[in-house]
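Student: just the structure for this:
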Amino acid sequence: MKPEEKIKKLFVESSVTVSSQVDDKIIDDAFQTFEKSETKKAAEPPPNMWRIIMKSKITKLAAAIIIAVLISVNLWNASIPTASAAEVLAEAVKAVSNIYSVHITALMRTKSHDNFAYINLENDFVPMQMWKTSDEYGGIKWRIEKPLRVVVMDGEMATLLIHNKFADSGGCPDFQCYDLYWCGQLLNVDGLIGNALKQAQEKTDSDVCMWHETVEGRDKIIIDIEKKAVGGFENDYLKNKFLFTADTKTVYTFDGDTKLLEAFSIYVHTEDSDVLVFQISDIEYNIELEESLFVAEIPDDVIWLDDVEILPDNEKYEQMGPRETAKAFFLACADEDWEEAVKFEPIFADKEVQKMFGGLEIISIGEPFQSGFSTRTWFVPYEIKLRNGQIRKHSLALKKETETNRYFIDGGY
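Tutor: Sure thing, here's the model as predicted:
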C-alpha cells in the first residue's frame, strides 16, 4: 500500500471513537519518532502545519499523522516505535543531569523596579540576569535581578529587594513567589524540554509544535508554545501587562545532542503584530559562581514590606470595600497621616514617598472593576493632584488579605 493510502486509511479509521489512552499513545509515539528522526528539512515549514492542538482527540490524532508525514513519507514503511515521549524526555533529563550551575543574561520590555512578570510593549528593553547553582546534596540557590529589583534564594529563604530600600522575605525554594514561576522554568534546565511539553499538553489554552532544524551543521530542537492569556477580560485593563495576561508565543531552541537550552524568546500577540518582549542574549552552564551572589545585602535602613497586620480596630477596615479603602488611603496622604497610610501600604513609611504624595488633592475616585486572573484584586480608577501640581490619573490595585479580611494597596500609585 502506498504511503498516502495508508495515511488516508488512518484518517478514516480515526472517525471511530478512540480512547484517551490510545489517543495519547499515538501522540507520544509521534513525538518519539519525530525526535529520533535523522531527516533534516531544507526550510522551516509553515507554523500552522506543525501546530498540535491539545483540545480534540481527532484533531490531535490528525496532527500526529501530519507531523510524521512532514518528517518523512517513508516513516509509514517502518514500524512506529513503542517507546513513549516520556522515555525520550527522561533521556534528555539524564543527558543534562550533570548541570550544576547556569547563568542567563537576557533583555525584557519592562520597568527596572516592577514585578518580574510585568511587561510593557512600548518600553525599551531592560537588562535582566538569572543565576542558579545546586550542590551534591540537592541544595539549590538562585538569584534573579533587574537594575532596581533583585530576589535571592540562599538555600533556605528568598529575599526580595526593591530600589535597595524596600525588602520582603519568605520561603520560596521552587519559584512560587514574586511572579517567578516562568523564571524557574528557564533555570530548571535539567527538565526544561519535559516541562515545556507537559505545560502545553496539560493546558487547554495552549498548543505546541516541535521540529528539528540543521543550523551550521548542528541539529537543533525547536519547541514553539502558544498560550492564551489567563483570566477573564471583560475589562482588558490587565491585558498585556504581565506575561500571564497576554497571548504569547514562546520559542525554545535546544541543542539536538546535549538537549541544553541555547535560545529562548517570548512574543506577545497583538492585533497588529507579534512583539518581542523577552530574549536570552547569553547562557552559560557549569561555571563557578561566587557565593556572594546568593547572599542578600540588605541596607540597615530598609523598609520591610511585611504582611498587613491585624489592627486593634481591624473590624472598622473589614467593613471597607475597595472604593472606601482607596478613599481612606488617599485622605491619609492628603492629611499627611502616615501612621494611617502605612496600614494600607508599608512603602508609605519612606520619607521620599511621603514627600511626593503628602498634601495631595483628590479630584475623583471611580467605581471598582476587575480584570484578568485574580478574583481577589480590584482596581479603583482615581485622579489626584500632587503638591507640585502634577496630575496623576491611574487605577489603584487593592487586594484583600485573607488573614486580616481587609484590603491593602497592591500597586497602581
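
Student: which residues are in contact with stretch 373-392?
Tutor: The set of residues external to stretch 373-392 that reach it, using C-beta atoms under 8 Å, 6 or more residues apart in numbering, is 230-231, 237-238, 244-245, 322-323, 325-326, 330, 356-371, 393-400, 407, 410, 412-413. Any C-beta I mention is one placed from the backbone N, CA and C, and that applies to glycine too.

Student: can you give me the buried ones in it?
Tutor: By neighbour count on 16 or more other C-beta atoms under 10 Å, the buried set for stretch 373-392 is 373, 377-382, 384.

Student: cross these against strands and list the overlap.
Tutor: Judged by DSSP state E, strands contain the following of those: 377-382, 384.

Student: what's the lowest-pLDDT member of those residues?
Tutor: Of all those, Thr377 carries the smallest pLDDT score, 91.

Student: outline the domain layout of the chain.
Tutor: Domain ranges of the chain: 3-83, 101-294, 308-409, per automatic domain parsing.

Student: low-confidence ranges in the chain?
Tutor: Scanning the chain for pLDDT under 70 picks out 1-97, 171-179, 190-191, 193-206, 307-308.

Student: can you map out the helices along it?
Tutor: Remark: helices assigned in the chain by DSSP state H are 3-13, 20-36, 47-50, 57-71, 85-95, 181-187, 192-202, 314-318, 322-334, 338-341, 351-357.

Student: now the closest residue to Asp350 other than its chain neighbours: how far from Gln354?
Tutor: Distances taken as C-beta to C-beta, 6 or more residues apart in numbering put Ile303 closest to Asp350, at 5.7 Å, once the chain neighbours are dropped. Using C-beta to C-beta, to the nearest Å, one obtains 12 Å as the distance from Ile303 to Gln354.

Student: name the residues of stretch 134-144 that come out as buried.
Tutor: Residues of stretch 134-144 classed as buried by neighbour count (16+ other C-beta under 10 Å): 134, 141-144.

Student: returning to that earlier point: is the residue nearest to Asp350 bridged to anything, and to what?
Tutor: Ile303 has these beta-bridge partners by DSSP bridges: Phe166.

Student: isn't it right up against Phe348?
Tutor: No: using C-beta atoms under 8 Å, Ile303 is not in contact with Phe348; the gap is 9.3 Å.

Student: among these two, which residue is more densely surrounded?
Tutor: Taking neighbours as other C-beta atoms under 10 Å, Ile303 and Phe348 compare with Phe348 leading, 23 against 19.

Student: skipping adjacent residues, who's closest to the more buried one in space?
Tutor: Closest residue to Phe348 apart from its sequence neighbours, by C-beta to C-beta, 6+ apart: Ala341 at 4.2 Å.

Student: next one: Thr105
Tutor: Leaving out its chain neighbours, the residue that sits closest to Thr105 by C-beta to C-beta, 6+ apart is Asp282, at 4.2 Å.

Student: how about Pro147?
Tutor: Sequence neighbours aside, Ser112 is the residue nearest to Pro147 in space, at 4.1 Å (criterion: C-beta to C-beta, 6+ apart).

Student: ok, that neighbour to Asn123 distance?
Tutor: Remark: distance between Ser112 and Asn123 (C-beta to C-beta) = 10 Å.

Student: can you give me the strands in the stretch 151-300 of the chain?
Tutor: For the stretch 151-300 of the chain, the strands defined by DSSP state E, counting those that start in this stretch cover 158-162, 166-170, 206-215, 218-227, 248-255, 261-269, 274-285.

Student: hmm, Ile365 is touching Phe329, no?
Tutor: No: the pair Ile365 / Phe329 is not scored as a contact, 10.0 Å apart, by C-beta under 8 Å.

Student: Val230: neighbour count?
Tutor: A count of nearby residues for Val230, using other C-beta under 10 Å, gives 17.

Student: list the contacts of it.
Tutor: Counting by C-beta under 8 Å, 6+ apart, Val230 touches 205, 244-245, 372-373.

Student: do Asp114 as well
Tutor: Counted by C-beta under 8 Å, 6+ apart, Asp114 has contacts Arg149.

Student: quick one: it from Ile283, how far?
Tutor: 24 Å.

Student: ok, Tyr382 next?
Tutor: In this view, Tyr382 and Ile283 are 43 Å apart by C-beta to C-beta.

Student: same thing with Met108?
Tutor: To Ile283, Met108 is 15 Å away according to C-beta to C-beta.

Student: which of the two has more neighbours?
Tutor: Neighbours around Met108 and Ile283, counted as other C-beta under 10 Å, are more numerous at Met108. The numbers are 22 against 18.

Student: now the more buried one, which residues is it bridged with?
Tutor: In this structure, Met108 bridges to Val126, Phe278 when assessed by DSSP bridges.
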